[in-house]
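>>> next comes the sequence, and after it the predicted model I'd like to discuss.
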Amino acid sequence: MSKDMISFLEELKSNFSYDKPVTVVMGNEAADLDSMVSAVTCAWYLYLSDASSNPFPLINIPRADFKLRTEAVFLFNEAGVNLDLLMFAEDIDLLRLKESGNLKLVLVDHNKIGSDQENLIDTVTGIIDHHADEKTYPSSADVDIRPVGSASTIIAESFLKNQSNSITTPLCTLLLGTILLDTVNLDPAAGRVTDDDEKAAAAIVKITGLDQKILFDKLQFEKFNVSSLGSYDLLRKDYKEWQFGSVKCGIGAVLQPIEKWIQKDPDISKACDRYLSERNLDILFAMNAFTAPEFTRQLVVYIKDEALRSRTIDFLETTEMGLEKLDIDNEGSCLFYNQKNLGISRKKLQPLLKDFFEK
Ligand SMILES: [Mn+2]
C-alpha cells in the first residue's frame, strides 16, 4: 500500500536529520489553526509531488502552548493525527539547519517571516498565503498569494487538482475544518468567504461525505471550550501585557464565568500569584467574557502590593466600567467584579490604565 498522510507523519521524527537537505514548511508565529493545518498538509503535498525535497511540517510554537488552541487539539484528534507525531518550535533548530546549508523554508499562512526568524529570510523558497503581500521574501521564491478566506483553501485546491488519488478523510477533515472555521461556515455575512473557498469546501464534502455543519459546530464549540484548561493556562491562553510607567500590568481574557472558574479551582489566587511572580507583574487582571445566555463581562483583580491595589481599585471604580463587587467567598486576595459596561474590552481598558499610571 502506498503511503498515506498519517504514515508520512509517523515517520517524520525518525527521518529528520541536520545532515541532509530539508524543506521546512512552517506557519506564522501566532500558530492559529490555519497555520498548523497548512503546514502539515502542505508538507504532505510537497512529499507527494517530490519526496526528494524532504519536507517537514513545523508548528511554529512550543509544544506546551498547543493545548491552548483547543480547536486545534480537537481537529487533529478528529483527523486521527497523534500530536506526539508533530514537530514543534523546540524540535528543529532552524538556524543550525541554515548554517549547515541544508535549509529550504516554505512559509504558509504568512508571507513576511516573523521578526524573531528574520535571519532565515534568504532560505525562503516558497510561499502559500492569503494575507496582503508584503513582498519581503527573496524574489526567487515560488509564491502563491491570493486573498481567499483560508490558506488551507489554496492547499485543498492543489490536492484536488494534482493529487486527487491521495485525498483521504483525515486530510480533508483538517482542510475542511479549517476552511469552515476561517470563513464562519462559508457565511457571506461574515465577510471572509470567497468563491474559491466555497468551491474547495464543496468538492471536499462531495468526495468524502464529511458533514459540513456538524464539523463546523463542533469546531466552533471547541474553540471556546476551555474546560480542559487549568487556571494558569486559562490566564495565558489570550494574554497581553504592558509597561505603564513603573507599573507592569498583564491582562488575560478568560472565556468563562468567575463562578465556574472557582468551582474548578477554588484557589485562583494561588494561580494568579504564580503568574504574577513568573512574569514580574505588578498587576494582573483577568477579563472574563462569556455568553450564558446574555453576554456578560466580569473582572478579576490580583495585586500583591496593598498601596498599589487600593490606588488601582479606587481608580477603576471611578471609570465608566461599571464595576460591582461580586459576593464571592474566596480565601485568597483576588477581587471579583461584575463589569456592567459591556463596551469596555481589553483594547479599551488598556489606554485608560496607561493614562492613569503615566500621568
Ligand atoms: Mn490564515
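Yes, it's here.

>>> how about the residues of this protein near the ion?
Within reach of the ion by CB under 5 Å from the ion, the chain has these residues: 34, 109, 151. Backbone N, C-alpha and C define where each C-beta goes, glycine included.

>>> ok, the second one touching Met26?
Yep, that's Asp109 we're talking about. No: with contacts counted by CB atoms under 8 Å, Asp109 stays clear of Met26, the gap being 9.1 Å.

>>> so what sits against both of these two?
Residues touching both Asp109 and Met26 (CB atoms under 8 Å, 6 or more residues apart in numbering) are Ala39.

>>> show me where this structure has strands.
Counting by DSSP state E, residue ranges of the strands within the chain are 22-26, 55-58, 103-108, 124-129, 142-145, 239-244, 247-254, 283-291, 295-303, 323-325, 335-339.

>>> out of those strands, nearest to Asp355?
Closest of those to Asp355 is strand 239-244, at 8.9 Å (criterion: CB to CB).

>>> buried sites along stretch 318-326?
The neighbour-count criterion (16 or more other CB atoms under 10 Å) identifies 321, 323 as the buried residues of stretch 318-326.

>>> ok so, going back, just put the residues of the chain next to the ion in a markdown table and tack on pLDDT and neighbour count.
Shown next, in a markdown table, are the residues of the chain next to the ion (pLDDT from 0 to 100; neighbours: other CB atoms under 10 Å):
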| residue | pLDDT | neighbour count |
| --- | --- | --- |
| Asp34 | 97 | 27 |
| Asp109 | 97 | 31 |
| Ala151 | 98 | 32 |
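
>>> hey, which helix is longest across this structure?
Longest helix of the chain, by residue count under DSSP state H: helix 33-49.

>>> centre of the chain to that helix, how far?
17 Å (CA atoms, centre = their mean, to the nearest Å).

>>> got the angle between it and strand 22-26?
150 degrees (axes from the mean of the first three to the mean of the last three CA atoms, to 10 degrees).

>>> packing partners of helix 33-49?
Judged by 3 or more CB pairs under 8 Å, 6 or more residues apart in numbering; DSSP states H and E, helix 33-49 is in contact with helix 5-10, strand 22-26, strand 55-58, helix 70-78, strand 103-108, helix 151-162, helix 169-182.

>>> related to what we said a few turns ago, tabulate the strands of the chain (a markdown table), appending mean pLDDT.
What follows is the strands of the chain, written out as a markdown table (pLDDT from 0 to 100):
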| stretch | mean pLDDT |
| --- | --- |
| strand 22-26 | 98 |
| strand 55-58 | 98 |
| strand 103-108 | 98 |
| strand 124-129 | 98 |
| strand 142-145 | 98 |
| strand 239-244 | 93 |
| strand 247-254 | 96 |
| strand 283-291 | 95 |
| strand 295-303 | 96 |
| strand 323-325 | 95 |
| strand 335-339 | 96 |
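
>>> could the ones you listed go into CSV alongside distance to Asp196?
Shown next, in CSV, are these (distance: least, CB to CB, whole Å):
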stretch, distance to Asp196
strand 22-26, 21
strand 55-58, 23
strand 103-108, 16
strand 124-129, 13
strand 142-145, 12
strand 239-244, 33
strand 247-254, 32
strand 283-291, 32
strand 295-303, 33
strand 323-325, 47
strand 335-339, 41
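
>>> which among these is found nearest to Arg96?
strand 103-108 (8.7 Å).

>>> what is the neighbour count of the residue in the stretch 251-359 of the chain that the ion sits nearest to?
In the stretch 251-359 of the chain, the residue that lies nearest the ion is Ala253 (20.7 Å; CB to the ion). Burial of Ala253 is recorded as 17 neighbouring residues (other CB atoms under 10 Å).
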